[in-house]
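Undergrad: mind looking at a prediction? Sequence and model below.
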Amino acid sequence: MKKILLWSLVLVICISMTATLSLAGCKKAAEEAAPAEEVEEVSAEEEEEAPVPELEGEISFWVYEPIPEGLAVLDTLKAKFEQQYPGTTIDILPIPKGDFNPKLNTAIAAGDVPDASYLDQPLVALFVRDGIIDPVPDGLINEADFYPGALNTNRVNDELYGLPLSQTTIALYYNTDLVPTPPETWDEMIEIAKNVYDPDKEIAAFNVPQGDGWGAWLFPAFVATAGGTMLDESSREVTFAEAPAVDALSLWVELLKYSPIEISTAQNAFQTGHVAMMISGPWELGGLRAEWPELNWDVALIPKKVQWGSNIGGDNAVVYKDAKNKDLAWAWIEFLTEDENNLELSTTVMGNFPINLALSTGDWLNGDSQLQTFMEQMKYAQARPTVTEWLKINDEIISRAIGDALAGTKTPEKSLIDAADDARQILGW
Amino acid sequence: MRNNSSDLLQVTYPQSKTILRWCQRSRNREWLLGYLFIMPLIVYFILFLLYPTIAAFIYGFTSWNMRTPPVWVGLENYKKLFFDRVAYPYFWHSFTVTLKYVVLAVPTTMSVALVIALLINSIRRMQTFFKVCLYLPVITSAVAVAAIWRWVYDPLYGLLNMVLKALHIQKVNWLGEPAFVIPSLVIIATWSLGSSMLIYLAGLKGIPKQYYEAALIDGVNGWQQFRYITWPLLQPTTFFLLITGFIGSFQVFEIIYVLYGAGGGSIGGPRQSALTYVLYIYNHAFRYYEMGTACAMSFILFIIIVIITIIQFKYVRQTYE
């Protein structure tokens, strides 16, 4: 009797464990099938001014995990949309930004894509090339409403494949105690650096970007201020070994003399007054204002050599080819780009700037000179190259060139020329 | 009861009588029971270890960005990894960095763990307290560990540099100066010596006390005790820790990933001095979307670790004479 009981118990445990393990994969697929049955007929694409159309069903929307205030705003936007279109449900899934791309890629590989999601600007071209996202339906938006730069980060082969949700750029933060007037030109910047550098008080002039992925991302901003570019995609030429880029790298090498990395790489070096100037984006504003009230600081445009320039960054929203409720997804994304909604989304939730031209002036900017400086800088921001291999070139070739030049093992010119040769080999140009 | 069931079955399913009788034989029962007990583990092993390994081996011969179906390229990935310094400039570099780390981290961790185990073994009262304290680093999350050590190693305000300043020694940029990066990482690895220490403690407890008593009678001192009794009798433990230490250290990734900025252009610290092999694999798999290359690289790592383990089995003494 006891033996039979023992046998059956063992058998039950083994079978249930085996079943759980093997069905774990199938379970997800089953869950995916269920919402698909809930989706009912949906109308054609909705127009901006159209009366409430027939939209129903549920979509999943993946976002970067925002700060808690951002989550609250997302919920408000979701409620507003669902109230406008009863019968719809927007399923928002926040994912930490560092894990977002790997998770998204894994989901695509598993065939488990969300209906729509954020997408980092440079990935749009890659996803289009792999045929994973759908073009924007005709008549969904009025292109003239958008900042052209931000909108064009979605344009591949003259067609739009997503809508911008937020844009951002980088500018010069400076410590007003150490630097009363911000530099406007490179020469002024070097002068100020010489004066401000104080090894005894452990004060470095500028947070010189290092030879890593972040530094390589910042580099094109300075190249732009020298009037240069990184790649010329139409003529398939690598341009980052020409004079403007060499000058930009030489500027960094010069500034490094007055900015020892032992000081600039300390935690919160700028916030604690050990670094006089740094390049960063609007995401620093919140932290600086809330946590460092004793620091006197301000924002200025990146010093120019021949013209103002900067990088453009930001995130777009795309709808996937395998989405189950595309009309609802596009309607939701378009909703997020409308005036008031986009203001809340791009600033509070994403920590960047709105992409809707109607918001380029407005009460929300009033009195905030630092935000206005960023909006000004945005006018001169240039997009990254959209070649597929850019991230690898960024990480392994350009950052190495920057690292070599800053370490003094090669001159800026030689390191960029070598880098350009390598880049040409990788691109096949 | 048995008769009833077997009669019933015989009426409905004659073959089952044979099976039932086979099962009732205790020798078969034990055999069957044994297999049932290990079946969950076998299923787990096949699904999560064997299948992914075989899949990775096959994907190593493809070019795959995870969004589109893989494209067969044969030995292209391996050829490019070994010979194309433009496409994969840091391949050999990452291998050297990892080797440097392993050669420093494993002996350091093991020797410090042994010393601490000997110390703990010699005290009478607070053994558990020390064991717990020294084991805590092992179970602390890597993110917390990185946050603490980034502060300890901070070039301006860090704990270490404050101590150096007090001793009038020049401050060191622990995580920013390429030459100091690997030693700094080795120190962090040594700090989490908890598991090695516990295994050494277990090994020490396995040494019979009679040997020490006999030695005391013969009049040996502490060092001779260690050299002629403790160390030889710990040989199996040392061998085990050496093997597992090497295997684990070759795959170091987590601490470097969180220390040097996860997910945003972390290419292994200043001048790539902390670009270990697995970090390089990670970048290719999840940042540049070159999954095929990443699989090929992980297989190369597997072969290297197997070779090193075989060498260790051949040339390192496993037990005392």
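TA: Perfect, thanks for sending it.
Undergrad: hey, let's count contacts and neighbours off CA atoms from now on
TA: OK.
Undergrad: nearest residue to the middle of the chain?
TA: Unless you meant another one, I'm taking chain A. Among the residues of chain A, the smallest C-alpha distance to the mean C-alpha position (CA atoms, centre = their mean) belongs to A:Gly314, namely 3.9 Å.
Undergrad: hmm, I had chain B in mind actually
TA: Centrality entry for chain B: nearest residue to the mean C-alpha point is B:Gly248, 2.3 Å, by CA atoms, centre = their mean.
Undergrad: show me what from chain A comes close to chain B.
TA: For chain A, the contact set with chain B under CA under 8 Å from any CA of the partner chain comprises A:7, A:10-11, A:14, A:17-18, A:21, A:98-99, A:101-102, A:105-106, A:108-109, A:127, A:130, A:132, A:210-214, A:261-263, A:265-267, A:389, A:391-392, A:395-396, A:400, A:403, A:422, A:425-426.
Undergrad: need phi/psi at B:Ile229.
TA: phi -120, psi -60 (degrees, to the nearest 10).
Undergrad: residues touching it, list them.
TA: By CA atoms under 8 Å, 6 or more residues apart in numbering or on different chains, the residues touching B:Ile229 are B:211-212.
Undergrad: same question, the one 10 residues further on
TA: With contacts defined as CA under 8 Å, 6+ apart, the neighbours of B:Phe239 are B:316-318.
Undergrad: next, the residue nearest to the centre of chain B: secondary structure please.
TA: Secondary structure assignment for B:Gly248 (DSSP: H, G, I helix; E, B strand; the rest coil): helix.
Undergrad: can you lay out the contacts of B:Phe239 as CSV showing secondary structure and pLDDT?
TA: Output for the contacts of B:Phe239, formatted as CSV (DSSP: H, G, I helix; E, B strand; the rest coil; pLDDT from 0 to 100):
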residue, secondary structure, pLDDT
B:Val316, coil, 87
B:Arg317, coil, 82
B:Gln318, coil, 81
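Undergrad: chain A: which of those residues is nearest?
TA: Taking CA to the nearest CA as the measure, chain A sits nearest to B:Gln318 out of those, at 37.3 Å.
Undergrad: ok, and the closest non-adjacent residue to that closest one?
TA: B:Pro236 (5.3 Å; CA to CA, 6 or more residues apart in numbering or on different chains).
Undergrad: name the SS class of the one you found, please.
TA: Using three-state DSSP as the criterion, the local structure at B:Pro236 reads helix.
Undergrad: how many neighbours does it have?
TA: 16 (other CA atoms under 10 Å in any protein chain shown).
Undergrad: roughly how far apart are it and chain A?
TA: The gap separating B:Pro236 from chain A is 35 Å, by CA to the nearest CA, to the nearest Å.
Undergrad: does that residue touch B:Ile243 like I think?
TA: No. Shown here, B:Pro236 and B:Ile243 do not form a contact pair, counting by CA atoms under 8 Å, at 10.7 Å.
Undergrad: hey, C-alpha coordinates of stretch B:83-96 in PDB?
TA: What follows is stretch B:83-96, C-alpha atoms only, in PDB (Å, rounded to 0.1, in the frame of the first residue of the first chain):
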ATOM      1  CA  PHE B  83      42.400  36.600 -38.800                       C
ATOM      2  CA  ASP B  84      40.300  39.700 -39.600                       C
ATOM      3  CA  ARG B  85      41.700  42.400 -37.400                       C
ATOM      4  CA  VAL B  86      39.500  45.100 -38.900                       C
ATOM      5  CA  ALA B  87      36.200  43.300 -38.300                       C
ATOM      6  CA  TYR B  88      37.100  42.000 -34.900                       C
ATOM      7  CA  PRO B  89      39.900  44.200 -33.600                       C
ATOM      8  CA  TYR B  90      39.600  43.200 -30.000                       C
ATOM      9  CA  PHE B  91      39.300  39.400 -30.300                       C
ATOM     10  CA  TRP B  92      42.800  38.500 -29.300                       C
ATOM     11  CA  HIS B  93      42.900  41.500 -26.900                       C
ATOM     12  CA  SER B  94      39.900  40.300 -25.000                       C
ATOM     13  CA  PHE B  95      41.500  36.900 -24.700                       C
ATOM     14  CA  THR B  96      44.700  38.400 -23.300                       C
END
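Undergrad: give me the beta-bridge partners of the residue nearest to the centre of chain A?
TA: Beta-bridge partners recorded for A:Gly314 (DSSP bridges): A:Gln167.
Undergrad: that one touches A:Gln167, doesn't it?
TA: Yes. Checked against CA under 8 Å, the pair A:Gly314 and A:Gln167 is within contact range at 4.1 Å.
Undergrad: shared neighbours of these two, anything?
TA: Common contacts of A:Gly314 and A:Gln167, defined by CA under 8 Å, 6+ apart, comprise A:150, A:352.
Undergrad: so which bits of chain B are right by chain A?
TA: Taking CA under 8 Å from any CA as the test, the list of chain B residues beside chain A reads B:33, B:36-37, B:39-40, B:43-44, B:66-68, B:86-87, B:89, B:151, B:154-157, B:173, B:176, B:262-267, B:269-271, B:286-288.
Undergrad: sorry, back to before: show me what contacts the residue nearest to the centre of chain B?
TA: Listed by CA under 8 Å, 6+ apart, the contact set of B:Gly248 is empty.
Undergrad: where does pLDDT dip in the stretch 51-200 of chain A?
TA: Along the stretch 51-200 of chain A, the model assigns pLDDT under 70 to residues A:51-53.
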